[in-house]
Structures are given as C-alpha cells and as structure tokens.
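Asks: One predicted model, sequence on top.
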Amino acid sequence: MNYFEYRHDQLCAEDIPIAELARRFGTPFYVYSARTLRRHFRVFDEAFAGTDHLICFAMKALSNLSILKLFASMGAGFDIVSGGELMRCLRVGADPGKIVFSGVGKTDEEIAAALTARILMINVESGPELHHINQVAGRMQFRAPVSLRVNPDLDPGTHPHISTGHRDSKFGVPLAQVHEYYAEARGLPNLELVGLSTHIGSQITDTAPFNEAAEKVKAIVSGLRSAGVALKYLDLGGGLGIPYQEEPPAPAEYARVLLKPIRDLGLRIITEPGRVIVGNAGIFVTRVLYVKETDVKRFIVIDGAMNDLIRPVLYEAYHEIRPVDRRNPGKPVVADVVGPVCESGDFLARERELAEPKTGDLLAVMSAGAYGFVMASNYNSRPRAAEILVDDTDAHLIRERDTFEDLIRGEKIVELRSR
Ligand SMILES: *Cc1c(COP(=O)(O)O)cnc(C)c1O
C-alpha cells in the first residue's frame, strides 16, 4: 500500500506528477510520500494497540531530518546505531527518553554522548562493552540504563548480509551466556539493568522466526526473574519485510505472533521497525540516457547508478521498475538496467522484462525508501541525488543534490617537497 499511483497513465507521488518533479528538481532523485509514511507508522502502531509499547523507528533505514521530524511528531522513538544518528535525532527535537542505541561497536565518545542526552537505554552487545559503559558512566557520575542484546541463534530465512540472529553473526551475546552477563552487569555499580533486546534480521517474510525469537526471549526473562533481575523493557527489534516481490505478513499478524508468548510478562514492548515503515514510501527516479544493444544483450543506461541505490548488487535485491509515463509504451524487451559507474556491479535490474524506453524517458525504481539514499556514496565523484518529500500537492526539497563543491569539501591539496 502506497501513494505512488498512475493518473491518466502518468505516475504520481500523491497529487503531483513525477514528471513535474523531474522538471523542477532534475534527475536522479528520491521522492518520499508523507501520506504513505504516516499511514505505515499508524498501521504499525495500531497493530500493538492494547499493549504497552514504544515504536523506535530504526533510522538507519532513512535518516533525513524532515523524515525524522515527521515521525517524532507522531510520537515515534528512534533506534540509533551511531553518534551521528543521535545528533540527527537531537537536531529535530526528538525525545531522548524514546531513543535506544544499538550496535556492536560503540566508542566511549558515543556512549558518553548517549548518556549526556539521557536516552532510554543502550543495547549492549558484549561483555567488554558492559565494562566500557560502566567506566564511562562512572566518570560522568551517571547510572547508565542498559539492555543486553541476545542472539537467539535462529535462521530468519533472509539474505545472509541482513541476517543477524544466527550464532555465528557478530550481533548480540549468545543465549547460553545471558545469565552470566546479567550476573556480571549486576556487579557493575554504574549500570542499571532495564531491558532485554534482540533483533534477528531484516526483510523477514515469515512470522515463524519472530515467534521463535519471542519464545526464546520469554524463557530468558522468566529465568532472570527467578534470579531476581526485574526488567522494564523487552525490545524485539525490527525486521518485518515488505513486498518487493514476496508477500510478507501484515503488521497486525506480525504483532499477534510476536506478542503471543510475551504479552503476559508485563513488560513494556519496544520494537525497532525500519524498512516496513519507509520502504514503500519512497521511490528513486532516474532518466534514460541511452538504450544500448550488443549482439547478446540489451542495456538501458540511466543517469542513476549503484552509488545512488546499492541494494541490487549488495543484496541481490529486486526493485520493480516502472515507466513514469506509460501512455505510449515501447515494445516488450528483456534488458539490464545499468548506470554510468565503472563497475560490472552497477545495475539496478538484470534480465528485466519491461517496455523499452527511449532516451529521455523517466523510470521509477519502486520501494526504494529504505536503505536507499542512506547508503548512497560519491563513488566515481557522482553527486548524491536530491531528496524530495511530497505531501498532497506540496513538494519539498528536503536534501539538495550534492554540488561539485560538496564532493571536495574537506579535501586539501598539499604541496609535496620535490624529491
Ligand atoms: C537494522 C536494524 C533494525 C531495523 O531493521 P528493519 O529490517 O529495517 O526493520 C532494527 N534494529 C536493529 C538493531 C537494527 O540493526
């Protein structure tokens, strides 16, 4: 469900034709639909109605300030994974009491910044991290609210690069050692043990792994209770998939399965959805430069590239590609849709069936809202694309396209001594 639809065969973002955005802002660009963002957040929130809960949007999926502001205004919290993300949250006036901090490699500076901001809790992923947080908190004369992230050792059935809940992944502490870690943490004077966390992976399209994780977490919480550790929060992470091609469960079904084992524990439930909130709320728009035919293949060369959207090569991800104007479709062809970057991995689609476009036509790469712009780079000295937020009939430029000056910001030309 999203608000990118054809009107008179012209693709629109809410009430604005995409072609108009291209004329106004140039290509390539990302465009997000505020109506879709609000709707997705609401549907997810309503799925947990009746349970004491907090939704912490996993902002690594899409971290533009205007997007964060929109979610903050709807009462969202945030799951952050770096000091830079904390800065973004604070910049938009997000409530620090709704921020959780995840990640295996937090620096002392990041820990101190999180404590200074008085965030809700730090999700701790190792023994050494517990000790570091204890030390940093001691120096600051704070008690640090922490939650241990457990690795439930299960296979969420998703791409290996986005699977985090298996025992050989770097994330979390092993299930079997959770009790030891809590015992250790209780002996550290500057820590307050407030929660238990887990996050098993991303783009998960089956409810079974979520249920399995919840069951495992429940057993731990019960064990900890018997040992006298009373927690406040149970953080079940994110990971619900979206329909790129597959058919994931609806948020209501996901919530039902997730909550079944744990709803009677009396803990506040935290979730960290990223992709499911923003994935379908954004598209990437690019212009066709050339159609190139060799004796074996047809290539549609576009002005967008892997530096703009790396998911196809990084995760073998599928993104539907639609013509922005479908009034006079070209003949059906099978082609690779490729960018100008000097890499064979620079493709947005391979062996794709589509109506052959012409030079100058616009293409929409669908479901690009999550892990799209945030992963963009300046590889090949390409300016990062503009970001636009559409709200009914308004189009806001929420990030300017990089300029050439942006590309060299911070660089110095040094004069080397001649040798
Ligand atoms: C990436 C991440 C999420 C969000 O995952 P989605 O698949 O986008 O929902 C949530 N929690 C943690 C700890 C993460 O690393």
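Replies: Arrived safely. Numbering: from 1, shown residues only.
Asks: Does the spatially closest residue to Pro383 that is not a sequence neighbour belong to a helix, a strand or coil?
Replies: Counting by C-beta to C-beta, 6 or more residues apart in numbering, Pro383 lies nearest to Asp402, which is 3.5 Å off, once chain neighbours are set aside. All C-beta atoms are positioned from the backbone trio N, CA, C, and that covers glycine. At Asp402 the chain is in coil, as set by DSSP: H, G, I helix; E, B strand; the rest coil.
Asks: quick one: Asp402 from Val278, how far?
Replies: Plainly put, Asp402 is 22 Å away from Val278 if you go by C-beta to C-beta, to the nearest Å.
Asks: now Ala213
Replies: Counting by C-beta to C-beta - Ala213 and Val278 are separated by 22 Å.
Asks: So the two - more neighbours on which side?
Replies: More neighbours surround Val278 than the other of Ala213 and Val278, with 31 against 27 (other C-beta atoms under 10 Å).
Asks: so which strand or helix has that one?
Replies: helix 275-278 (DSSP states H and E).
Asks: The next helix or strand after that helix - what's its average pLDDT?
Replies: Using DSSP H and E, the next helix or strand after helix 275-278 towards the C-terminus is strand 282-293. For strand 282-293, the mean pLDDT works out to 98.
Asks: buried residues in strand 282-293?
Replies: 282-289, 291 (16 or more other C-beta atoms under 10 Å).
Asks: Looking at those residues, which one is closest to the ligand?
Replies: Here the nearest of the buried residues of strand 282-293 to the ligand, counting by C-beta to the nearest ligand atom, is Gly282; it sits at 13.1 Å.
Asks: now that closest one, which residues is it bridged with?
Replies: The partner list for Gly282 in beta bridges (DSSP bridges) reads Tyr32.
Asks: So what's the residue count around the residue in the stretch 251-400 of the chain that the ligand sits nearest to?
Replies: Residue nearest to the ligand within the stretch 251-400 of the chain (C-beta to the nearest ligand atom): Gly274, separated by 2.6 Å. Look at Gly274: counted by other C-beta under 10 Å, it has 23 neighbours.
Asks: Show the pLDDT at it.
Replies: The model's pLDDT for Gly274 equals 98.
Asks: wait, it sits on Phe57?
Replies: Yes - Gly274 is in contact with Phe57 according to C-beta atoms under 8 Å; the separation is 6.8 Å.
Asks: how about the host helix or strand of Arg256, does it get close to the ligand?
Replies: When secondary structure is defined by DSSP H and E, Arg256 falls within helix 251-259. No - applying C-beta under 6 Å from any ligand atom, one finds helix 251-259 out of contact with the ligand, separated by at least 10.7 Å.
Asks: List the buried residues for that helix?
Replies: 251, 254-259.
Asks: by contact count, what packs against it?
Replies: helix 34-47, helix 208-226 (3 or more C-beta pairs under 8 Å, 6 or more residues apart in numbering; DSSP states H and E).
Asks: Could you list the low-confidence segments of the chain?
Replies: Under the criterion of pLDDT under 70, none of the chain is flagged as low confidence.
Asks: Around the ligand, which positions in it sit nearby?
Replies: 58, 60-61, 79, 102, 199, 202, 237-239, 272-276, 370.
Asks: 5 Å instead?
Replies: 58, 61, 102, 199, 202, 237-239, 272-275 (C-beta under 5 Å from any ligand atom).
Asks: Nothing else from me, thank you.
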